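Visitor: Below: sequence and its predicted model.
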Amino acid sequence: MKPSDGKITVFYDGSCPQCVQDRCNYERHAKGDDKEIEVEWFDITGREGDLIAMGIDPDKALRELHIRDQNGEILSELDAYQVLMARVPHYRWLGRFINLPLIRPISRYLYHWMVIRRLKKEGRI
């Protein structure tokens, strides 16, 4: 997969019901915008070899959101969320908020806590 003009690739856990729901919510809000939001969704489930070939650690991909931006750069965690949310006016404020200097460490902690909790509950770690 090569990056294309304006398109980003979002690497998400398709075996996670919440991740799939988040994707649906994002797509619903993105469709309400006047311009087309170019996002390619890449389900990481069972794609460890593909992830490694792209320079993404499969274990980290399971624990953190990753995107490939329009320049081909891989971003993860809150940096990835900020880029993704900035593309939809409905979420733009949230992307800025979670990256504020005092809020960022709290956002990071809560994000990791929720993901680890979910993966343990599902017996995946």
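Guide: Right, received. Where do you want to start?

Visitor: Dig out what W41 forms beta bridges with.
Guide: V10 (DSSP bridges).

Visitor: let me fix that: H66
Guide: Beta-bridge partners of H66, as defined by DSSP bridges: F11, S76.

Visitor: ok, it touching L78?
Guide: No: counting by CB atoms under 8 Å, H66 stays clear of L78, with 11.8 Å between them. Just so you know, the C-beta spots here come from the backbone N, C-alpha and C atoms, and that holds for glycine as well.

Visitor: Of those two, which one has the most company?
Guide: H66 (24 against 19; other CB atoms under 10 Å).

Visitor: contacting residues around the more buried one?
Guide: H66 sits next to 10-11, 56, 60, 74-76, 80 when contact means CB atoms under 8 Å, 6 or more residues apart in numbering.

Visitor: any idea how far it lies from P89?
Guide: Distance of H66 to P89, given as CB to CB, to the nearest Å: 23 Å.

Visitor: now do E48
Guide: Distance from E48 to P89, counting by CB to CB: 35 Å.

Visitor: Show me the strands in the chain, by range?
Guide: Using DSSP state E, the strands of the chain run over 8-12, 39-43, 66-68, 74-76.

Visitor: counting contacts, what elements does the longest helix along the chain pack onto?
Guide: Selection of the longest helix in the chain by residue count, based on DSSP state H, yields helix 104-121. Judged by 3 or more CB pairs under 8 Å, 6 or more residues apart in numbering; DSSP states H and E, helix 104-121 is in contact with helix 58-63, helix 77-86.
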